[in-house]
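Participant: with the input below, show me the fold.
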Amino acid sequence: ESALTGRPPPTQRRNRAQRVRDPDTLLKDLSSLHLGSPVVHVQHGVGRYAGLTTLEAGGALAEYLILEYAGGDKVYVPVASLNLIHRYTGSEEAQAPLHSLGSERWKKVRAKAREKAHDVAAELLQIQARRLAREAEPLQWNDDDYQRFCEGFPFEPTADQQSAIDAVLADLAAARPMDRVVCGDVGFGKTEVALRAVFAAARAGRQVCLLAPTTLLVEQHAKNFADRFADWPLRVGALSRMRSTKEQAAMLDQLAAGSLDVVIGTHRLLQPDVRFKQLGLVVVDEQHRFGVEQRDALRGKATRPPHVLVMTATPIPRTVAMTVFGDMETSTLRELPRGRQPITTHVVEARKPGWVDRTWARVAEEVSAGRQVYVVCPRIGGDDPHDLDGVDLVAEDAVVDDEHDDGERVEQERTERPLAAVEET
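Facilitator: Model prediction:
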């Protein structure tokens, strides 16, 4: 009866309310489904979406989702019970399994998943316990060198930045491995905190690796770090798909020999062939883009527990919980650096007359003031009012560049462009 009406018995309602589900996998509406999409029913497993139908139950008409399973069996799920269904997030859709109704396969899959989740949680607890139990060698660097390096920063650090820097340096000089997260929005100065930590660790004779999620960010960090370290005998390398096989091999040899002080890379840093002679500091940028096991994989490349510094604007729930319970230290950047303006967001109705002209007029104002503008739109060219035809309204001396994902070139470095137009796909 509950399968038809979607109204569970009272004894089940409390249990369902207490169940925690990943909000990213919930189906909030039917627009994300198409015929043949693999979906997961919490009781029956992986099936295929076969459309909508209207059925009469209890004297009332209601809409039902049709889920098809192996052997042509069907399950009808009331639209009001979408919470029973979530998206399939496994491999490619074409490779998604098709379960049979009444079989034990789905129960075994769920049991295995619960066991694996428990194993990962237990392993993380063990890692954390070992980290707290083991001592790290306090890092020592020349204070005069550090002060000269800081003088190369052309801006005055904010109070929050200075507080975070002092906390990080104190962690590096302590006898316990640092595990600190620096939280702050874009433009609040997280990179400068990392730069000073990297300088201190490198001048103390330790190798440093910085993990970033994209090749573009790796190249930007590599250029920034190389510029700031130009007056110091510190070697900086970038390891990503932007480097040839020969360049990567040479860099790996330098890391193993200890002649490369700082390496900045993507997931390539996690590969088994990446070895360090004396890794002392791990920096993770955009922490939410990496899993816990990936971050711990870098820890495992050190002979002694390395210091770990995490930078993020959006800490994941597990990180927040670890800071609350004291398993991870935290520094928060709330103050905008001098000269920075807060980001303001205006939401306008797309069909409102004149909104396109007003938008491009505002772009022209920013360009005329000597500032950069990035325009994100669904397509480049065509008759759609969202396209870039309005760029003609921008000042005549503006440099305009179009970049879009052609399916193969996902990202490409674009620097020193007064105006960049980007299509998001």
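Participant: not counting its neighbours along the chain, what's nearest residue 256?
Facilitator: Leaving aside its sequence neighbours, residue 256 sits nearest to residue 275 (Cβ to Cβ, 6 or more residues apart in numbering; 4.8 Å). C-beta coordinates here come from the backbone N, C-alpha and C atoms, glycine included.
Participant: that neighbour contacts residue 300, doesn't it?
Facilitator: No: counting by Cβ atoms under 8 Å, residue 275 stays clear of residue 300, with 10.9 Å between them.
Participant: end to end, how far does stretch 69-79 reach?
Facilitator: Start-to-end span of stretch 69-79 (Cα to Cα, to the nearest Å) is 18 Å.
Participant: please work out the average pLDDT along that stretch.
Facilitator: Confidence for stretch 69-79, expressed as mean pLDDT, is 90.
Participant: buried set for it?
Facilitator: Using 16 or more other Cβ atoms under 10 Å as the test for burial, stretch 69-79 gives 69, 70, 75, 77, 78.
Participant: what is the host helix or strand of residue 48 packed up against?
Facilitator: For residue 48, the element it lies in under DSSP states H and E is strand 45-57. Other elements packing on strand 45-57 under the criterion 3 or more Cβ pairs under 8 Å, 6 or more residues apart in numbering; DSSP states H and E are helix 2-5, strand 38-41, strand 60-68, strand 74-78, helix 105-133.
Participant: so residue 218 sits in a helix?
Facilitator: Yes: the assignment for residue 218 by DSSP: H, G, I helix; E, B strand; the rest coil puts it in a helix.
Participant: sorry, back to before: pairing partners for the strand holding residue 48, with directions?
Facilitator: Looking at strand 45-57 with DSSP bridges, its partner strands are strand 38-41 (antiparallel), strand 60-68 (antiparallel).
Participant: and the shortest one, what's its mean pLDDT?
Facilitator: For strand 38-41, the mean per-residue pLDDT is 89.
Participant: residue 161: which of the buried residues of stretch 69-79 is nearest?
Facilitator: Distance ranking of these against residue 161, using Cβ to Cβ, places residue 77 first at 52.2 Å.
Participant: that closest one bridge partners, please.
Facilitator: residue 65.
Participant: what about it, distance to residue 55?
Facilitator: Residue 77 sits at a distance of 11 Å from residue 55 (criterion: Cβ to Cβ, to the nearest Å).
Participant: what sits in contact with each of these two?
Facilitator: Residues touching both residue 77 and residue 55 by Cβ atoms under 8 Å, 6 or more residues apart in numbering: residue 64.
Participant: buried residues in stretch 328-341?
Facilitator: Using 16+ other Cβ under 10 Å as the test for burial, stretch 328-341 gives 328, 329, 330, 331, 333, 335, 336, 337.
Participant: and the end-to-end length of that stretch?
Facilitator: 31 Å.
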